[in-house]
Structures are given as structure tokens and as C-alpha cells.
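# got a predicted model here, sequence first, then my questions.
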Number of protein chains: 2
Amino acid sequence: MTTEPVRPEARSPRGFVDRRPRDLAAERRILAAVSAVYERYGFEPLDTGAFEYADALGKFLPDADRPNEGVFALQDDPDSEGNGQWMALRYDLTAPLARFAAQNWETLPKPFRRYAYGPVWRNEKPGPGRFREFWQCDADTVGSARPEADAEIIAMAAEGLVAAGLPQGSAVLKINNRKLLDGLFDAHGVEDVRQRLTALRAIDKFDRLGWPGVRDLLGPGRLDESGDFTKGAELAPAAIGAIQSFLAIEAAPDLSRLEVVEALATLTLGAKGEEALAELQKIAAALAGMGVAEAAARIDTTVVRGLEYYTGAVFEAELLLQTADEKGNPVRFGSIGGGGRYDDLVARFTGQQAPATGFSFGVSRLASALRAAGRDLGAQARGPVVVIAFDQSRMSDYFAVARELRAAGVAAEVYLGSSGMKAQMKYADRRLSPAAVIIGEDELAAGTATVKDLDLGRALSLGVVDNAAWREQRPGQATVPRAELVATIRNILDAQP
Amino acid sequence: MTTEPVRPEARSPRGFVDRRPRDLAAERRILAAVSAVYERYGFEPLDTGAFEYADALGKFLPDADRPNEGVFALQDDPDSEGNGQWMALRYDLTAPLARFAAQNWETLPKPFRRYAYGPVWRNEKPGPGRFREFWQCDADTVGSARPEADAEIIAMAAEGLVAAGLPQGSAVLKINNRKLLDGLFDAHGVEDVRQRLTALRAIDKFDRLGWPGVRDLLGPGRLDESGDFTKGAELAPAAIGAIQSFLAIEAAPDLSRLEVVEALATLTLGAKGEEALAELQKIAAALAGMGVAEAAARIDTTVVRGLEYYTGAVFEAELLLQTADEKGNPVRFGSIGGGGRYDDLVARFTGQQAPATGFSFGVSRLASALRAAGRDLGAQARGPVVVIAFDQSRMSDYFAVARELRAAGVAAEVYLGSSGMKAQMKYADRRLSPAAVIIGEDELAAGTATVKDLDLGRALSLGVVDNAAWREQRPGQATVPRAELVATIRNILDAQP
């Protein structure tokens, strides 16, 4: 009698996903296209390690309420001095950049421009569409306080989204300046930091709640449809009125960037707000110089961005297309990326000011946006041509066929399992092979090869093409001279039913 | 009086490195070239998460003496049942593949072929050239017991190395079969598992120690130059003699793959050894069918591979070029990758046999091999053209120049720091810019642009080109009509001094 061994269950940790060809092809195309744009703008690639020391990550977690939670942290083995330091997986690509820039400040060309992409990790409760590991792609300029550097990031982000495949006009970069609201708060006596934070969060919900909801959250609080009450910022009516005038400028979407600046100049914005206005004016001028269309990048006073560390300009990329939810109801896809100016991150290490500005997007989020825009980059992913292992004594001939196809740039493989003809055809179909090649006794004697058009078979079974119409011009199966094999398969690949 | 705030030190954890453009460009080119080859062979990309549950990783750590050490592990937050499971960062790409294949076995097309690349993590003592995070690139076929699947991996690995840039003939795939030695041990009464492992480790050192050293380690033990004694496997003289005959076949490098198989057939190899021989014969036949040159893949009886989990064929890719150490002495670069057949990994989960075979290489290791072979893929990495911010009131003109260059596919940026002319030129030089564009009052009035050839400047200062010879055909600086700017810069880029 033997005892059944204990077998581990084959599953990945909660909130981690395996990515297959369809998703990977789409994401790799996005990253290649965006990288090419970013490099043309003079941004160099950088790849930092997965871990940072916990003190280097600091308190810049996205959720201000849980500054030291949300990361995967562990204590390192003791070093030569016997200290085991805490380290954590990066939760974004900005904190490692700040550490890198501070560490290499003396030798870096300044301004330092880099882009980076890779996984980030957040130890949060996973849920539908909420992962504990996901890829981000960031571009930042460190060491330039000029508004033109913000404008450049905006222009580059807009160009990157188009290069990634978003149809021109389907997304907009919305631009605001954090100091506008700071100035507004200053000018209207809102001094309490907590009150300011609550007010910012309220404004951040303008998109979803409209002015009435935001007004309640700026005041005593808001009772939502479910009966839940959210405590408000409890601002004075005058302050709420000033914010209303400020946000109203967003309600005039036909204004050009310079016209928005002019409209804002009529409000009482305090010293900080005036500073912000001057910056926005320079950004607007630079965007014009860079040839960025008004429709591609707009100034929008309702943009807040959740992160606490922004100190000036903030940007948000939004998909404008209406998409549908599972029930077919129209929904706004919303934000696909964002960024802004943060002048304090590097100074944490060095004490020296190192003004920085950048833009970040989630890679699979952008892939979803592309799908929503009808640009499914992964959809064309097809498998290799499968050469059927028909006669075991002729494997060398089959390997030669596969080799010939590959030399012509066509993905191809010889079936290497142990199943019969029928299972091999099923395998080829599962692999989304465009075609299968069958070379049996007859074909070998005649110097031919039989090609089965699997693309057509799938299209017919999906009802994508009409049977009768296709059968005439395109046979489901054909036996061709061996010398015409590659050309026959090329025809199938080029047809793409 | 203000207190100095506590500032974290800007440094990355021990054993983790930041990768800059030169290394990244080389590694990305390797991965793109190898991916293209692997996809043409019908291998699909797969990307699993960084973490696996610790029980899924199992005891397949590379170092058999420390099966449960060497990983970065942490306990997850409690799940809905209150259990906080241990999870660990993957230490290779094979264990996650085994988990993935077991998890999706029912729905995967079989054989399942995938390639993957990405970082792996090993919690080991870092040292020079020894990192705790590094990139691997793996390709594996799961679900085929056929020796042809091994042959395909070998052919593909060889093609991948050439595609990555290794000159044809500069590397060799060495092939062996673990069961040959198992059979040899069986046939000569070496039954103790520890003894076998010690003997395998001894044979693994053949390259470095030659037969005398291996003989000592197979017998009582070896005293090295430093006076350290390594205990040996204590095999009987007859067993040592049999291993000597076996290894001697390696000493005849002119034998073809089939001739090595014939030579091995004259030895007493036991039942397992005969099985291995039959497999090697099929591999040799398939390699011929796949058109793999004898020089590109050889059968070599001295190849062991350190990992315990191999169950049949093993392969090792070795760079043949002599390279030099820091003192200029010739050194063997050695292994740049390896793999083999492992038939038990997936069965750990499912109980079902799922024969698998694969090849893995370290990405930065291959980049080093390419550099050693004189193919420095990162060396051409140049920075963007820098448009000098000469006159702050003409920034829009400068942005337009950069835009025009980028539209022509030339990386370009406008200087956005706050420094003067001299510092801007120094910045451009630090960025390895091929050229700087200067447009001042005179140029604006005349409709021209001044181009400074920084490539030439660097080449002159490095003594790469001769001053007098170059000055004639290539001016260090030229003022050209604005319409000729892009063409002028193209010339500099194409010249590549």
C-alpha cells in the first residue's frame, strides 16, 4: 500500500494574474510605441530594482490615510553591522526615481529626463479589476522648475497615447495647477490642512457628483442614495461660492487654453494663485509652440489628482469615448493616466530642491482603453502554422518544412505530442493556427503538400464570413506543389478573414 | 533656530542595481531578437506574477543543500478563512511555469510551449557580479516526452543566441543525458544518493579541474592549491575507471553527434544508459533534420548542470571565445545558459506526468557575452539632439525645431534647465548628443541654424579620429539654411565616427 503524497494546490496568490499572449501582445506594443515616442523626446530608459529600503520609500503612499501600509515589506538579513533593514517592493515608479536621482545627483546631466516601465506592487485587498501587481509606465523630468517642462510632459503624453493606438481626439489631457486651489483657500481663509484635504477630495468628485454633490461635501456633508452620510469640509459659504466660480470655468469647454487663463485672472486667487496662473500661461504658450491641438490638451479647473505630493501643475489623461458596461449602459471610461509637478520628493534625501514633473499611466488600463476605443492590439494574435506529424518516419521532412516557413518569417512548428491526426488538428485550432500542413505518403510521392486553411474554418464556424461566398475564392483545403507551400500559406496569412 | 530633519540615505538595497540606457538598450535588443525567434518556433509569451505561494515553489531551489532558503518570503495578510499564507518571490521562471501548467492543464493546448522573461529574485549574499535580482529568459515545452522536443529547444536556443548577436560559431550548445550517468552508476554499483550527488558535482568540475582533479573528487577527496581539502565521493576504483572512459569521449571533439552516440554504445551503461542513448540518437537525427550545424550543438559527456530536477537530456550553452580578465590574461567565459528535461515538476501538483524540457539564459550574462564577443549592443546608444535655449523669448521657435526633428525620427529636446550657453553645451555632451542646434539673433534674421557636431568633438577628444583628416570633410560647426537643418543632422547621425 502506498500513501498518497501531499500535493500543493496549483494557484497564484490572490490579486496576482498570469498574462497570456493576447494581453501581453497588446501591452508590449503599447510599451514599444510609447518608449519610441519618449526616447524621441530625449527621455532615457531607467530600470531600478523591485526593492527599496523602506525609509527611502517614505510616506508617499497613494493613500494618505494609511501612509505606512499597503506595501509588501520584509526585513533583510543582517548586514556586516548586524542590522537587518526593512525593505519593500516599490508601489510606484516615482519613489525609486527620487531615490535614484538623489543618489546620482552630482553626475547626472540636469535636467534629468527618464522614462521607466515595469510592475509595481500594492498590498491591498484584491478584488475584481483590482490587482496587487500591475505595470506602470512613467516619464519624468527632474531638475527643471520651468513650466515648459510641464508642457513638454503633456505634449509627450498626448503623443504617446496616439502612438499607442488611441484614435486622435479620443483622449484629452486635462491640466490644472494645485496652487490655484491653494491660493483660493488662502484668499478665502481656509487654513486647516484637514479641511483643505477634505475639500480637495470633494472637488475631485466633481466629474461624478456634479456641483450639487461637491457643494454638499464642501459644506456640512452629503447623504448619498444608499443613505450613507459623508462628513463635509465645513467651509464658510463665501469660500464655497469662490470655489463654485472657480469650477464653473470648466463648464465652458469651448474656451481655448489661453482664454481659460484669462477667465481665471478675473477671480481672487491670492498670491499662490497668481503664481499658478503665470505658470499656466507659460504652459499654454509652450503647448502652442509644440503644436499641441487645443482639443488634445485643455486647462480644466476640476482636476485635482489624489496624490498629496503634487506641488504645482497637475494633469490627467481622460478617455472621451463613451463605453458600455456589462448591461450595455453607457459609462464614462474616465482617467487613463495622470501626473504633475512635485518639487519636494528628491529634497527628502538631499535637502536640495530638485523640481520635478512627470506623467504616469497603467499599462493594462491603457490596453483596456484601447479595446474600448475599438483598437484591440492583441486580437490579431495568431498561433504558428502547425506541421502535422503524419508519418513518424518522415519527421525530418516535417522539420525542414517548419524551418522553411520560419526562414520566410512565418511562425511554424511540428506537432510534437503523441496524439493522432484528429487530435493534432484540434491542437492546431486551439493554438489559433492560421493553417495546418499535411504531408503524407501521397504528397511525398507527388512532391506536394496539403494545406488546411484553419483561419477560414474558424471564420466560418463563427459566422464571420459567409460559407457560399468564400468557398468560391478560397478553398478550405488545397494540395499544392511543395515549392508553392510558403506562398500558399502567405496568402492565408494576408487574407485575415 | 530650526532642527535639521532626518534624511533617509539615497541607496538601493544590497545586491540590487539600477540599469541605465547602455545596459537596458543591449538587454532589450536581446529580448526582442530572442522573442522573435521563439515566437517563430511557435512558443507563446507568458508572464506570471512575481509571487508564488511558498508551497507551490516547493523544494526546487537551485542549491540542494538549502532547499527552503534563498528566497524572499513573507506571510500574506489573512484570507477570508483567517489564514495568512506564506508567499515568496519567484527564484526562477520554471517553478511558476510548473504551477501555471498544472493550474490550466485541462484547457491548455498540449504540448504547451511558452517563453517568458523577467526578473527573478534570490535572497543570497550579494557580491561582485552576484545580484539578488536578475533577468532570465526561458523557453519550455510541457507535455511532450519526445526527444525531438529536446532537439527543438536546442535548435531554437542556438538560433536565439545568433539572433541576439553572437557571431555564428562563437558559442556551442553542449548536450548530455542525465540518465547516462545514472545508468553508469547503476551498472557499477554506485547506489547511495549522496555519493551520486557528490560524484555529479565532481564531474561538473571537469572543465575547470581536468581529469586528475575530478578523479580525486570521485575517490577519497582533493587537496587544492590553497591547502583546502574537499571530501570526495569515495567511489570504488572500477566505477572511477568507467567514468573516466565515459568522460574521455569528450576529449575527441571532432566526433559528430552520431559518432559520439556510437562511441558511447561501446560502454557498459546499464538499462537507463541505453534509454538515454536511444534518446540522444533521436535528438541527433532531429537536429540534422532541423539543419543545426555540428559545430553549433555537440554531444558532450562532461555536461552535468547543477540542478537536481533534470531527469533526462541536459544542455549547456557555452561561449567559445577566449576573453581577457582585468590583468589581460585569457579566461574562458564559460556557460551562458542551459537547460534540460525535467519530467517531475508539474506532477508535483497534479500527480499526472507532464514531461517537460526547456532552456534558460541570464539576460545580462548574455549581454556580457556579447560584449566579450565584440558585439556591444548598447555602445551605439546616443542621446537626443539638444536645441540650445539661447534666447528665452524664442522658446517657441526652439520647440518647433525639436518637433521637426522628432517628426523626422530624430530624438531631440529643447534644453529646459536654467543655465547659460556653456553649461548647456556641457549638458549636451554629457547626454552623448550627436549634435547641438543653436539659433540666435543672427540665425533668426538670416533664416539659418548653427549645428555643432558633438559626435565629432567627442571622437576627436578620444583620439578616435584624426583631427586634420576630418576637419577637411567634416566641419565641427556649420551654419546652414533652416530648411537644411534636418538633413545636416542626418549626415552627422549617419557618419557615426
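Yes, it's here.
# list the contacts of the helix or strand hosting A:R208.
Assigning secondary structure by DSSP states H and E places A:R208 in helix A:206-218. Applying C-beta atoms under 8 Å, 6 or more residues apart in numbering or on different chains, the contact partners of helix A:206-218 are A:198-199, A:201-203, A:205, A:222-223, A:230, A:232-233, A:235, A:239-240, A:243-244, A:247, A:250, A:302, A:332, A:334. Heads up, the C-betas are built off the backbone N, CA and C, glycines and all.
# quick one: which of those residues sit in strands?
A:R222, A:L223, A:T230, A:R332, A:G334 (DSSP state E).
# can you say which of the contacts of helix A:206-218 are buried?
With burial judged by 16 or more other C-beta atoms under 10 Å in any protein chain shown, the buried subset of the contacts of helix A:206-218 is A:198-199, A:201-203, A:205, A:222, A:232-233, A:235, A:239-240, A:243, A:247, A:250, A:302.
# report the buried residues of the helix holding A:R208.
Neighbour counts using 16+ other C-beta under 10 Å place A:F206, A:D207, A:L209, A:W211, A:G213, A:V214, A:R215, A:D216, A:L217, A:L218 of helix A:206-218 among the buried residues.
# returning to that earlier point: quick one: which of the ones in strands among the contacts of helix A:206-218 is nearest to chain B?
A:G334 (25.7 Å; C-beta to the nearest C-beta).
# quick check: residues of the stretch 101-250 of chain A near chain B?
Within the stretch 101-250 of chain A, the positions near chain B by C-beta under 8 Å from any C-beta of the partner chain are A:102-103, A:109-111, A:113, A:119, A:121, A:123, A:133, A:141, A:143-146, A:148-149, A:152.
# give me the phi and psi angles of the closest residue to A:P330 other than its chain neighbours.
Residue nearest to A:P330 in three dimensions, not counting chain neighbours: A:Q322, with 4.6 Å by C-beta to C-beta, 6 or more residues apart in numbering or on different chains. Taking degrees, to the nearest 10, you get phi -80, psi 130 for the backbone angles of A:Q322.
# so which strand or helix has the residue nearest to A:G337 when sequence neighbours are not counted?
With sequence-adjacent residues excluded and distances taken as C-beta to C-beta, 6+ apart, A:G337 is closest to A:F361, at 3.0 Å. Assessed by DSSP H and E, A:F361 sits inside strand A:356-362.
# was I right about the residue nearest to A:G337 contacting A:L319?
No. Look at A:F361 against A:L319 with C-beta atoms under 8 Å: they stay out of range, at 11.2 Å.
# got any ranges where the stretch 201-350 of chain A has weak pLDDT?
Along the stretch 201-350 of chain A, the parts satisfying pLDDT under 70 run over A:251-253, A:306-308.
# repeat that for the stretch 51-200 of chain A.
Using pLDDT under 70, the stretch 51-200 of chain A drops low at A:59-68.
# can you show me the helices along it?
A:54-57, A:94-103, A:147-164, A:178-187, A:193-204 (DSSP state H, counting those that start in this stretch).
# just the closest residue of the stretch 151-300 of chain A to chain B, please.
A:G289 (3.2 Å).
# list the contacts for the nearest residue to that residue once chain neighbours are set aside?
Excluding its sequence neighbours, the residue lying closest to A:G289 (C-beta to C-beta, 6+ apart) is B:S396, at 3.2 Å. Contacts for B:S396 (C-beta under 8 Å, 6+ apart) come out as A:A285, A:A286, A:A288, A:G289.
# check A:N176 too.
Neighbours of A:N176 in contact, by C-beta under 8 Å, 6+ apart: A:I299, A:D300, A:T301, A:T302, A:V303, A:V304, A:A313, A:V314, A:F315.
# equivalent analysis for A:W121, please.
Residues near A:W121 by C-beta under 8 Å, 6+ apart: A:A50, A:V71, A:F72, A:L89, A:R90, A:Y91, A:R132, A:E133, B:A50.
# what helices and strands are in contact with the stretch of helix or strand A:L321 belongs to?
Using DSSP H and E, A:L321 sits in strand A:313-324. On a contact count with 3 or more C-beta pairs under 8 Å, 6 or more residues apart in numbering or on different chains; DSSP states H and E, strand A:313-324 meets helix A:147-164, strand A:171-177, helix A:270-289, strand A:330-342, strand A:356-362, helix A:363-372.
# distance to B:V437 for those - can I get that in CSV?
Below are the helices and strands packed on strand A:313-324 laid out as CSV (distance: least, C-beta to C-beta, whole Å):
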stretch, distance to B:V437
helix A:147-164, 16
strand A:171-177, 27
helix A:270-289, 15
strand A:330-342, 27
strand A:356-362, 24
helix A:363-372, 33
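# surely A:Y117 meets A:I30?
No. A:Y117 is beyond contact range of A:I30, at 9.3 Å (criterion: C-beta under 8 Å).
# closest to B:R7 among the contacts of B:S396?
Closest approach to B:R7 among the contacts of B:S396 (C-beta to C-beta): A:A286, at 33.6 Å.
# surely the closest one and A:I153 touch.
No. Here A:A286 does not reach A:I153: they are 10.6 Å apart, not a contact under C-beta under 8 Å.
# residues contacting the spatially closest residue to A:R332 that is not a sequence neighbour?
Excluding its sequence neighbours, the residue lying closest to A:R332 (C-beta to C-beta, 6+ apart) is A:Q322, at 7.1 Å. Counting by C-beta under 8 Å, 6+ apart, A:Q322 makes contact with A:P330, A:V331, A:R332.
# next one: A:T141
A:P111, A:F112, A:R113, A:A149, A:E152, A:I153, A:A356, A:T357, A:G358, B:L416.
# and the third one, how many neighbours?
If you count neighbours by other C-beta atoms under 10 Å in any protein chain shown, A:R113 ends up with 29.
# could you pull up the contacting residues of the nearest residue to it once chain neighbours are set aside?
Among residues not flanking A:R113 along the chain, A:F43 sits closest, at 4.4 Å (C-beta to C-beta, 6+ apart). A:F43 makes contact with A:R113, A:R114, A:Y115, A:A139, A:M156, according to C-beta under 8 Å, 6+ apart.
# so what's the last one closest to, chain neighbours aside?
Spelled out, that is A:M156. Looking at A:M156 with C-beta to C-beta, 6+ apart, the closest residue is A:Y41, at 4.8 Å.
# so how far is A:L180 from that neighbour?
Note on A:Y41: its distance to A:L180, by C-beta to C-beta, to the nearest Å, is 27 Å.
# my read: A:D55 touches B:P8, true?
Yes. Judged on C-beta under 8 Å, A:D55 makes contact with B:P8 at a distance of 4.1 Å.
# now do the helices in the stretch 351-497 of chain A.
A:363-372, A:395-407, A:421-430, A:441-446, A:454-461, A:467-473, A:485-495.
# and the longest one, what's buried?
Spelled out, it's helix A:395-407. For helix A:395-407, by 16+ other C-beta under 10 Å, it's A:M395, A:D397, A:Y398, A:F399, A:A400, A:V401, A:A402, A:R403, A:E404, A:L405, A:R406.
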